[in-house]
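>>> model this:
(one chain, ligands or ions: 1)
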Amino acid sequence: MTVLEAPLRIGSTLVRNRLYRAPVLEGAGSGPDAARIYTEAFEANARAGVGLIIQGNSCISEEGRSSPGMTLVNTRQRTLDLKPATDAVHRFGARIFLQIGHAGIYAMEGWHASYAKTRRWPLTAVSRPRIHVRVAVLGQSVHVLTTPEIYEIANRFGRTAAWAREAGYDGVQIASSNAKLIHQFLSPYYNHRDDEFGGSVRNRARILELIAKAIRREAGEGFTITVKIPLGEEAPRFTPRTTFSEGVELCKLSEEFGYHAVTPVGLSIFPHTSLCRGGDPSDILEVDSIRRRFEEAMNGSRVKMAVLRWGYRSAAKNHPFAPVWNRDYFAAVKTAVSIPVFAVGGIRTRDEIDRILGDDEADMVGIGRPFYAEPDLPRRLLAGDREATLCENSNRCLPPQQLGLRARCYNPNVARKRQARADAT
Ligand SMILES: Cc1cc2nc3c(=O)[nH]c(=O)nc-3n(C[C@H](O)[C@H](O)[C@H](O)COP(=O)(O)O)c2cc1C
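Model (predicted):
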């Protein structure tokens, strides 16, 4: 029976226990203080005993960020500048992977007025967008990738991975869910190409095969590569989506392509809170400074602000929090592949962790949002504390992060609970 404290080898990376910090953004951006921001956040997690940190999505090219606070790793120097963060994590015995990706059609230049104004490139699409997406990017120029450009994108992933290795990262995770570019390749909702990258599941997954090859070539055979795979997608009626069995097939293909671990997740094909189920955070728009920033981003459009509120509300209604909501997905994949399977989504207690590992439903257990409020959470969980995390899944961390503000817990109830706990000890 697997226990939380047992080490695990993932590719060439030996992780000291089964707890990982799931990728959540820090809003660290790409300025001179990016490494310091990551160091501050991750050092505390590593000191508290976390096994592995997956740093939130960093972008392989300037035109692929989905929010202004996303870190660019589009040059060797920018990537090497993050070395203080990997050093800090290693000093305390933990491991760190860098998640790398590109937002594709959902790049921030498509929705954020300040960046749309200075945009020098069209939005990147896998295929001509369907009607729902065309409405979201109305008035924007869109470029459908040519076949040679796809090979170049895969090479860029390879080069970034090589820089990440130089910067001290123990591995990378491909940002291939949450409606990002690589997810857009995997999903028949976005991908209706007629070249070798479209059609069958294997063709849609070909981008993952190319990326794995490019990473091995550029970063070396021994570098650990992992991937996040969407299964059982939700999509508008009468549109195609990745089914549960196709998602399992994608995970098996990932193993065949040489990925060393897989994170299966169930979610919508749209970028909303189906990936972080929980509350409706629209009340945070009552905070003047945050509302003003959104109004600025939406160019003062009341319609866009109403759509934003509606989006938060309907996503919360249709995807309420449920403990361990991805269990059916990761447990099914665990029986289908022999590489390590990472669990994530609504895992909040030591009992839940013990059951996932004890019943052999996954090999690593990931926690995301609770780390914002409790950087030393691993210490408590590893000590056998049975109390749930402080996080209330309000999703108030989400809107500030969309604006590029520093990531942290923005829920005042949680701050009060944290203070009460500190006072009691
Ligand atoms: C503010 C925020 C930022 C996130 N950023 C990323 C990201 O960069 N990459 C990613 O794969 N998932 C991202 N996620 C999803 C988390 O990794 C995780 O899957 C999700 O929050 C569910 O886990 P939890 O219930 O433990 O928070 C983000 C979620 C939130 C709330």
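>>> residue of this protein closest to the ligand, please.
Closest approach between the chain and the ligand, counting by Cβ to the nearest ligand atom: residue 368, at 3.0 Å. (Each C-beta comes from the backbone N, C-alpha and C, glycine too.)
>>> the nearest residue to that residue once chain neighbours are set aside: neighbouring residues, count only.
Nearest non-adjacent residue to residue 368, counting by Cβ to Cβ, 6 or more residues apart in numbering: residue 22, 3.7 Å away. Look at residue 22: counted by other Cβ atoms under 10 Å, it has 26 neighbours.
>>> who are the contact partners of residue 22?
54, 344, 366, 367, 368 (Cβ atoms under 8 Å, 6 or more residues apart in numbering).
>>> quick check, the fourth one in contact with residue 347.
Yes - applying Cβ atoms under 8 Å as the test, residue 367 and residue 347 come out as touching, 5.6 Å apart.
>>> residue 173: how many residues sit nearby?
25.
>>> pLDDT score for it?
If you check residue 173, the pLDDT there is 98.
>>> which of the three states applies to it?
Following DSSP: H, G, I helix; E, B strand; the rest coil, we place residue 173 in the strand state.
>>> show me what it is bridged to.
residue 99, residue 226 (DSSP bridges).
>>> what's the spacing between residue 164 and residue 76?
As for residue 164, its distance to residue 76 is 10 Å (criterion: Cβ to Cβ, to the nearest Å).
>>> my guess is residue 247 contacts residue 264. True?
Yes - with contact defined as Cβ under 8 Å, residue 247 counts as touching residue 264 (6.7 Å).
>>> what about the two, which has more around it?
Per other Cβ under 10 Å, whichever of residue 247 and residue 264 has more neighbours is residue 264, with 33 against 23.
>>> phi first, then psi, for that one.
Torsion angles at residue 264 (phi, psi; degrees, to the nearest 10) stand at phi -80, psi 130.
>>> okay, it: pLDDT?
98.
>>> in contact with residue 35, which residues?
81, 82, 83, 84, 85.
>>> one more time with 10 Å, if that's ok
Contacts for residue 35 (Cβ atoms under 10 Å, 6 or more residues apart in numbering) come out as 28, 71, 80, 81, 82, 83, 84, 85, 86, 87, 88, 167.
>>> mind putting those residues into CSV with pLDDT and distance to residue 409?
As requested, the contacts of residue 35 are arranged in CSV below (pLDDT from 0 to 100; distance: Cβ to Cβ, whole Å):
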residue, pLDDT, distance to residue 409
28, 96, 16
71, 98, 20
80, 98, 31
81, 98, 27
82, 98, 23
83, 98, 28
84, 98, 24
85, 98, 20
86, 98, 25
87, 98, 26
88, 98, 21
167, 98, 28
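>>> relative to residue 191, which of those is nearest.
In terms of Cβ to Cβ, no member of those lies closer to residue 191 than residue 71, at 26.9 Å.
>>> grab the nearest non-local neighbour of the closest one.
Spatial nearest neighbour of residue 71, excluding adjacent residues (Cβ to Cβ, 6+ apart): residue 58 at 4.3 Å.
>>> what's the one you found sitting at in phi/psi?
Per degrees, to the nearest 10, the backbone of residue 58 is at phi -120, psi 150.
>>> tell me how many other residues surround it.
Residue 58 - counted by other Cβ under 10 Å - has 28 other residues nearby.
>>> now, which of the contacts of residue 35 lie within helices?
Taking DSSP state H as the definition of helices, those contribute 80, 83, 84, 85, 86, 87, 88.
>>> count the residues that sit near residue 328.
Counted with other Cβ under 10 Å, the neighbours of residue 328 add up to 15.
>>> residues in contact with it?
Residue 328 sits in contact with 231, 232, 244, 264, 266, 361, where contact means Cβ under 10 Å, 6+ apart.
>>> top of the residues you listed by neighbour count?
Going by other Cβ under 10 Å, residue 264 tops the contacts of residue 328 with 33 neighbours.
>>> follow-up on the earlier one: so what sits against both of residue 367 and residue 347?
Contacts common to residue 367 and residue 347, judged by Cβ under 10 Å, 6+ apart, are 19, 22, 353, 389.
>>> mind putting these into TSV with secondary structure, distance to residue 302 and pLDDT?
Below are those laid out as TSV (DSSP: H, G, I helix; E, B strand; the rest coil; distance: Cβ to Cβ, whole Å; pLDDT from 0 to 100):
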residue	secondary structure	distance to residue 302	pLDDT
19	strand	45	98
22	coil	35	98
353	helix	45	98
389	coil	37	94
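>>> so the closest residue to residue 382 other than its chain neighbours: helix, strand or coil?
Leaving aside its chain neighbours, residue 382 sits nearest to residue 49 (4.9 Å; criterion: Cβ to Cβ, 6+ apart). Under three-state DSSP, residue 49 falls in the coil class.
>>> counting neighbours, which bits of stretch 338-357 end up buried?
339-350, 352-354, 356-357 (16 or more other Cβ atoms under 10 Å).
>>> now, which of these lie close to the ligand?
344, 345, 346, 347 (Cβ under 6 Å from any ligand atom).
>>> which one of these sits closest to residue 5?
residue 347 (16.5 Å).
>>> quick one: the closest one and residue 377 touch, right?
No - assessed by Cβ atoms under 10 Å, residue 347 is found out of contact with residue 377, at 11.3 Å.
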